[in-house]
Every structure is written in structure tokens, then in C-alpha cells.
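Undergrad: Build me a structure from this.
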Amino acid sequence: MFRAVLIEQGEGGQQASLVALDESRLPEGEVLVAIDRSTLNYKDALAITGRGPVVRRFPMIPGIDFAGRVLDSRHERFRPGDPVLLNGWGVGELHWGGLAERARVQADWLLAMPDSLDASTAMALGTAGYTAMLAVQAIERHGSGQAGAEAGEVLVTGAGGGVGGISITLLARLGYRVVAATGRPQEADYLRGLGAVEVIDRATLAGPGRPLARERWAAAIDSLGGHTLANICASCRYGAVVAACGLAESMELPATVAPFILRGITLAGIDSVYRPRAEREHAWQRLSELIDRAQLAAMTRHIGLDEAIGAAEELLQGRVRGRLVVDTAG
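TA: This next block holds a predicted model:
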């Protein structure tokens with residue numbers, strides 16, 4: 001038997017509860033994992049509360065990432081005792097996920113844990129850190145907002161969340177000048193502590209704007225979408241890149257083509273679910289090398305599996321700063 005958060009669909013809609021399940025109920029897969037840590041992400045909170053169409057099959061164990069140890073393997077890449085991590089591949093949406101003490105998954109979905117990470121640190125990073133690293137790499141590849149005293153500013157929206165906070169730490173570590181946008185002005189000192197040189201009110205970006213605005217951003221990482229993303233594009237400098245990785249504000253993009261054809265900006269979509277294994281391994285290795293452990297600890301809160309359902313509502317209400325790591329075995 002193992003404990004898990006289980007989402008079930010009934011006549012009154014879907015409901016999440018903490019239950020005990022027999023291992024025989026786990027789906028087919030090549031590798032059985034004892035989960036040590038998972039996380040609570042925005043997508044997980046939508047799944048648990050039913051506020052977004054995240055879950056595609058019922059019943060479902062949510063949790064889009066986890067870290068743990070191999071218990072049993074039918075694949076040559078993994079042996080019992082190997083430390084592993086997983087994020088993406090439809091886990092927590094189409095396939096039972098990480099908010100549980102056990103998971104059975106396909107071997108190709110798993111990565112060997114980088115030597116310098118343990119389960120707790122890996123999940124403090126989690127999908128949010130992995131997504132942030134992919135977005136930073138998109139900026140690096142494009143060559144926009146290059147580090148240095150003469151470089152332009154890089155905007156990070158959703159700065160109080162996991163992707164935003166880790167993006168700030170990574171960009172600052174690489175020498176970029178980072179401006180953080182947040183709706184929580186009380187977090188300004190915290191964001192400066194992560195490496196932001198300036199903190200602005202997200203409301204300045206949230207309303208309908210002009211097709212082109214004053215040029216400011218050399219690059220940006222946006223997790224909001226909607227009018228915010230449109231206004232970022234409109235106020236980018238010539239040749240800038242905007243890494244779009246979320247839709248916390250809206251799935252819509254009420255923009256025009258003007259910034260793209262008059263200023264040559266690039267909108268780079270960041271997918272964290274189906275990246276090839278080599279790209280995943282590279283991103284996780286860079287994360288393990290670049291992340292400041294003290295800053296990561298400052299943005300991380302640890303909760304038990306029995307607290308995950310209640311914390312989902314808290315997260316959606318914008319009352320969670322940074323990362324929520326779930327101790328599935330505690």
C-alpha cells in the first residue's frame with residue numbers, strides 16, 4: 001500500500017483526497033520508483049482544484065514532477081537504488097504522477113539524478129527551475145540582453161513564483177541586469193535579494209496597450225501571457241527575444257505583428273513537457289552548477305503530502321512565494 005493524492009470524477013464534479021492505494025493499481029511502466037519528494041506547481045494546483053482542464057483521465061494522481069529511488073526496473077539504464085528525477089511527459093495529466101509515495105513510469109521519462117543534487121534540492125528546483133533554465137538558454141542562444149555593464153535590461157514577470165524567482169537567480173548569476181515584475185510590492189526586498197536590480201508593479205503591464213511602446217527590454221521571460229505578454233513585446237528593444245513559458249494571466253495574446261516586423265523581436269515558446277532527453281540532461285546539469293543553494297532555500301517551503309490539497313488553493317490565490325516541495329514520505 002502507498003499514500004497518494006487521488007483526483008476522482010463524480011456526479012458533482014471532480015474531487016481530490018488523500019488515500020491509500022495498492023501498488024497493483026499503478027499503471028504499466030518499466031520502472032517502479034519510491035518517491036522521496038515532489039512539488040506543487042501551478043498546473044498541479046489547477047488539477048487538484050478543478051479550475052483548469054489539466055486532468056485528461058480519471059482517476060488521476062496529480063504531480064508533474066518527482067524525485068526518488070528506483071525500486072524495480074525492466075530497463076537496462078536503471079537499477080534498484082538509482083536516484084532519479086522526472087518532469088513532464090504528461091505525468092499528473094495523462095499518467096499517474098508524483099504526489100504519491102510510489103510511481104511506475106516509462107524509463108525514457110526518467111533522468112539520472114545529477115551528482116551534485118539530492119531529491120530535496122532537485123524538487124526545490126523542479127519543473128519551475130527546469131523551465132527557467134530552458135528560458136535562460138533561449139535568451140543565451142539568441143544573444144539578446146548579453147551580460148555586462150552596457151547590456152540592456154531583462155524583464156522577468158511572475159517574479160514571486162517559482163519560475164520567476166529561479167529565472168532571476170540564474171540571470172543574475174550569469175551577469176544580466178534583471179528587472180522583476182510582481183503584483184506583491186511587499187516582496188521587493190526578497191526579489192532584490194535574488195538578484196533583481198529593480199522591481200516594478202505588474203499592473204503597469206497588465207492592461208490593454210499600444211502596438212508599439214517605448215523600447216526598453218533587451219530580453220524577457222514571461223509566465224503570464226495575455227496583455228502582459230503583448231505589452232512586453234511592444235516595449236522590447238530592436239532584436240530582443242521574449243521567452244514565453246506560462247499563461248497565469250491568460251492564454252490569449254492580444255498583440256499585433258508590429259514588434260515582430262518593425263523591431264525584429266523573437267517570441268520563443270518554452271515547452272517543458274516533451275523535450276528530448278539530451279536537452280533535459282543538459283538543462284538539469286546546468287541548473288545543478290549555476291543555482292545558488294542559499295537563494296534556493298530562501299524561496300522554498302516544505303510541506304507534507306497531507307498538506308498538498310490545502311496548499312493548492314493557497315497557490316492559486318497568489319499567497320505562495322517561490323517553491324513548494326512536498327515530502328511524500330514524511
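Undergrad: which residue is nearest the centroid of this protein?
TA: Nearest to the mean C-alpha position of the chain, by C-alpha atoms, centre = their mean, lies A128 at 2.2 Å.
Undergrad: From L40, how far out is that one?
TA: Noted for A128: a distance of 10 Å to L40, by C-beta to C-beta, to the nearest Å. Yep, even glycine has a C-beta here, placed from its N, CA and C like the rest.
Undergrad: bridging residues for V31?
TA: With DSSP bridges as the criterion, V31 is bridged to S73, V105.
Undergrad: Give me the distance between R57 and E93.
TA: Counting by C-beta to C-beta, the gap from R57 to E93 is 8 Å.
Undergrad: ok, the two, which is more surrounded?
TA: Legend: neighbour count by other C-beta atoms under 10 Å for R57 and E93, higher for E93 (21 against 13).
Undergrad: My guess is that one contacts I64. True?
TA: Yes - E93 lies in contact with I64 (C-beta atoms under 8 Å); the separation is 7.2 Å.
Undergrad: Between these two, which contacts overlap?
TA: Jointly contacting E93 and I64 under the rule C-beta atoms under 8 Å, 6 or more residues apart in numbering are K43.
Undergrad: can you give me the helices in the protein?
TA: 42-49, 119-142, 162-173, 188-194, 203-206, 226-234, 258-262, 277-290, 293-298, 308-316 (DSSP state H).
Undergrad: Out of the ones you listed, which is closest to E30?
TA: helix 277-290 (14.4 Å; C-beta to C-beta).
Undergrad: Mind listing residues that contact that closest one?
TA: By C-beta under 8 Å, 6+ apart, the residues outside helix 277-290 that reach it are 85, 108, 111, 114-117, 125, 129-130, 133-134, 137, 170, 173-174, 275.
Undergrad: so what's G225 up against?
TA: By C-beta under 8 Å, 6+ apart, G225 lies in contact with 244, 246-253.
Undergrad: Now do the same contact list for A312.
TA: Here A312 is in contact with 16, 40, 44-45, 48-49 (C-beta under 8 Å, 6+ apart).
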